[in-house]
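# My questions are about this predicted structure, shown below with the sequence.
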Amino acid sequence: MGEPQVTKHAVRTDFKKSAGLALANARLGAAMNAATLRQDTGRRAIMPELGDPLVVRELAKAIKNHTLQNLDRYLAQLADNVRMNGGVVHFAQTAEQARAIICDIARKAGIKTIVKAKSMASEEIELNDALEAAGFDVAETDLGEYILQLAAEKPSHIVTPVLHKTREDIGQLFHEKLGIEYTGDPPTLTAAARKVLREKFRHADMGITGANFGVAETGTICIVTNEGNGRFCSSRPRVVVSLMGMEKVIPRMRDLPVFLKLLAKSATGQRITCYTSLMTGPRRPGDFDGPEEYHLVIMDRGRSEILGSEFRDALRCIRCGACLNACPVYRKLGGHAYQSVYPGPIGKVITPLLDGVIEYEQLPLASSLCGACLEACPVRIDLPTLLLQHRDLISRRNRMPFVWKWGFKGWRIAMQSRFIYSWGSWFGRLFLSVTAKDGWVSRLFGPGAGWTDHRDFPLMAAKPFHRRWATIQQNVNEEGKS
Amino acid sequence: MPECTQEAFLATVRKAASFVHGEPVKLPEDTETARVIKPGNDVIDIFMQRLDEAKIRAHRVASETALPDKIVEILAEAGAKSALLPAEDTPGREAIIARLQEKGIALANPDERDAAFEADAGITGVTLAVAETASICLPSGGQHRRLASLAVPTHIGIVRVEQIVPDLLDFAARWPARAPANMVLVSAPSKTADIELALVMGVHGPRLEYVVVVG
């Protein structure tokens, strides 16, 4: 334990290539940039409502850290209480087990049609494919996920999954798949989806939800949605299954508000989501509605490996997507370039751990380590440090080229000596200014070529900072006096 | 068996959790530091204002006697011609029913399984309301129909002033020992921004959400 497992014969996904394709798509870039900027601005605007948001974030972090350190105990308590409430608890260590369990529940209950609320855990295990292969009729009911199901595409954002599509794309899709007249009007498109899905809700005999939080103390599973589809999926069908990643457990009901206060604000800049549903077992004797059977599937799928490693902090994640919206890389690319269920900064950290460190080796490298994700994260996951940990493992796994190894050693010596640093940068500028154009170097040679293959290198300033510092300091001092 | 036993599953988790990673963290005893709204005289005003910000149409009447007229007014505004018969513990139920019948609003029998899919409106009481997030809390169980506040295009929640608590922390603190199978906090009309972040109201749940505060 302590280090992620390396699978044999792994094939590396080509992030550089997919990122290049995404960057070449100007429309996608503009749409992603506008949308993420808006959500990030919304988050910044509402967080101060918490007074000192840092206090609440630190509280949430402490609750999660404590829970992770005692995860087996809280999972046992949650399972006991769900059973006490009349629910059935299943444990799945792998994606195959989780899929088999849910198909089995459906088969035993004689299910034909299934409605599904949005769940990233179900995306992880490609549950829809498994259910459809087993002969069940499955409908995604979150509008974004429904659009993706019609288009046979994957989400590009963990909260707003269809950000990569324009209204015209969706209008065309609905025209082709639902036979409605072409329109790019969001209310009309939403109404068309509502009409179809309403009938699905009316007749479905099984509902599948994810789980935002599982309260150990009461055996209550909490899901949040804006559309009301989560409520429908958990209220109308006679069988309801919640699929929960095992890190979603929290100890007490009084811990729940701490997270509810953070989740929607961080995700979409809302004070709280429209519907916060709290499910405590199947319907009680005498209840008019609600499921006759309630199942909770608790899934590990690589999480215990993360728990037992230096990457544990990543399990605090509440899947708000704030780090995606804040990330300069995600903003330009959108989610598909990552070729993973979880994109953005959190995706770069957990995808290699969940789906293969070799397969997704390029992801931890695609970051400038600017720290915007850490600043945005409601549970203060130190994503830049976790990315560095990944890079450390990569450098230890792959034999570093001779030039790199000695290059970094030389760099270290130079950075520790003022003399070498100042003369080195003077020579560096002299050397670069030969090839620079408008202050940018677009082609370096030798070991520097790897940098300019993917981005330009800025020419150093004519007067370096350490020589300007004396003047700056003087000005600051004078301002202070006046 | 496709499943993993609880023992085997938790044994793996236990082993992983025992990996030493930072100092042991105690569960914070006090979550009060997360409080946003303190108890006080302005809690009702905050609730009313935040309902408005959440696009829930907020009304206030002095007493239960004014309720029936208010409900009629709201149903007219929403263009509702029918409503589900309110559950027995709905505040002012008898008078509301009488007035709706007088006004020719059809009252659907909620025992029909699909009634909520057909009716224009649902009228319910609440277990409590939260000022911080403009939330009304609706329980399942007994006479309470989950779909009466979900499948209808218009929902009216009746809140007595004494049911309003300041903060989400107070909602959690009042969690009952025998909780109903379902509790929902409704904090806005059903909405989506999935298509180009354009806000559209009324996706699967009510497009119009009303709250009438009594007292």
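Yes, it's here.
# Would you mind listing what in the stretch 301-450 of chain A touches chain B?
Counting by CB under 8 Å from any CB of the partner chain, the residues of the stretch 301-450 of chain A close to chain B are A:304-305, A:307-310, A:312-313. C-beta coordinates here come from the backbone N, C-alpha and C atoms, glycine included.
# what number of residues lie near residue 209?
Using chain A here. 28 (other CB atoms under 10 Å in any protein chain shown).
# Not quite, go with chain B.
If you count neighbours by other CB under 10 Å, B:Glu209 ends up with 28.
# Touching, it and B:Ser187? I think so.
No - B:Glu209 lies out of contact with B:Ser187 (CB atoms under 8 Å); the separation is 9.0 Å.
# Common neighbours of the two, please.
Common contacts of B:Glu209 and B:Ser187 (CB atoms under 8 Å, 6 or more residues apart in numbering or on different chains): B:Ile56.
# Quick check, the residue in chain B closest to chain A?
When scored by CB to the nearest CB, chain B has B:Gly205 as its residue closest to chain A, at 2.8 Å.
# if I pick that residue, what's in contact with it?
Here B:Gly205 is in contact with A:227-228, A:231-232, A:274-275, B:149-151, B:155, B:189-190 (criterion: CB under 8 Å, 6+ apart).
# which SS class is it?
Under DSSP: H, G, I helix; E, B strand; the rest coil, the three-state class of B:Gly205 is coil.
# likewise B:Thr133?
B:Thr133 ends up coil, using three-state DSSP.
# and it, how many neighbours does it have?
Neighbours of B:Thr133 under the rule other CB under 10 Å: 26.
# now do B:Asn41
B:Asn41: 6 neighbours (other CB under 10 Å).
# Mind pulling up the pLDDT for it?
For B:Asn41, the pLDDT comes out at 88.
# any idea how far the closest residue to chain B within the stretch 301-450 of chain A lies from A:Gly302?
Scanning the stretch 301-450 of chain A for proximity to chain B using CB to the nearest CB identifies A:Gly308 as nearest, at 3.3 Å. Computed as CB to CB, to the nearest Å, the A:Gly308 to A:Gly302 distance reads 11 Å.
# ok, and the helix or strand in chain A with the lowest average confidence?
Sorting the helices and strands of chain A by mean pLDDT, DSSP states H and E puts helix A:449-452 at the bottom, at a mean of 79.
# Return the list of strands paired to whichever helix or strand comes after that helix, each annotated with direction.
Next along the chain after helix A:449-452, taking DSSP states H and E as the criterion, comes strand A:457-458. Sheet pairing here is set by DSSP bridges, and for strand A:457-458 it gives strand A:440-441 (antiparallel).
# ok now the partner strand, how far from the chain's centre?
What separates the centre of strand A:440-441 from the centre of its chain is 34 Å, taken as CA atoms, centre = their mean, to the nearest Å.
# Please enumerate the helices of the stretch 301-450 of chain A.
Secondary structure of the stretch 301-450 of chain A by DSSP state H, counting those that start in this stretch: the helices cover A:303-307, A:322-326, A:328-333, A:344-355, A:372-376, A:383-397, A:402-415, A:418-433, A:449-452.
# Dump these to JSON lines, plus mean neighbour count.
Formatted as JSON lines, these follow (neighbours: other CB atoms under 10 Å in any protein chain shown):
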{"stretch": "helix A:303-307", "mean neighbour count": "24"}
{"stretch": "helix A:322-326", "mean neighbour count": "30"}
{"stretch": "helix A:328-333", "mean neighbour count": "21"}
{"stretch": "helix A:344-355", "mean neighbour count": "24"}
{"stretch": "helix A:372-376", "mean neighbour count": "21"}
{"stretch": "helix A:383-397", "mean neighbour count": "17"}
{"stretch": "helix A:402-415", "mean neighbour count": "12"}
{"stretch": "helix A:418-433", "mean neighbour count": "13"}
{"stretch": "helix A:449-452", "mean neighbour count": "12"}
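# Would you mind giving these as JSON lines with distance to B:Ala62 added?
What follows is the helices of the stretch 301-450 of chain A, written out as JSON lines (distance: least, CB to CB, whole Å):
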{"stretch": "helix A:303-307", "distance to B:Ala62": "55"}
{"stretch": "helix A:322-326", "distance to B:Ala62": "43"}
{"stretch": "helix A:328-333", "distance to B:Ala62": "52"}
{"stretch": "helix A:344-355", "distance to B:Ala62": "51"}
{"stretch": "helix A:372-376", "distance to B:Ala62": "46"}
{"stretch": "helix A:383-397", "distance to B:Ala62": "54"}
{"stretch": "helix A:402-415", "distance to B:Ala62": "73"}
{"stretch": "helix A:418-433", "distance to B:Ala62": "76"}
{"stretch": "helix A:449-452", "distance to B:Ala62": "72"}
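# coming back round to it: what count of nearby residues applies to the nearest residue to the residue of the stretch 301-450 of chain A closest to chain B once chain neighbours are set aside?
Using CB to CB, 6 or more residues apart in numbering or on different chains and skipping the chain neighbours, the partner closest in space to A:Gly308 is B:Ala16 (3.3 Å). B:Ala16 has 23 neighbours, counted by other CB under 10 Å.
# Cross-check the contact I'm expecting between B:Ala16 and A:Ser304.
Yes - counting by CB under 8 Å, B:Ala16 does reach A:Ser304; the two are 4.1 Å apart.
# And A:Gly424, how far from B:Gly104?
Using CB to CB, A:Gly424 is found at 89 Å from B:Gly104.
# try A:Ala139
Using CB to CB, we find A:Ala139 at a distance of 38 Å from B:Gly104.
# of those two, who's got more company?
Using other CB under 10 Å, the more surrounded residue of A:Ala139 and B:Gly104 is A:Ala139, with 20 against 8.
# Quick one: the helices in chain B, in order.
Using DSSP state H, the helices of chain B run over B:6-17, B:43-53, B:67-78, B:93-102, B:115-118, B:168-173.
# Great, nothing more from me.
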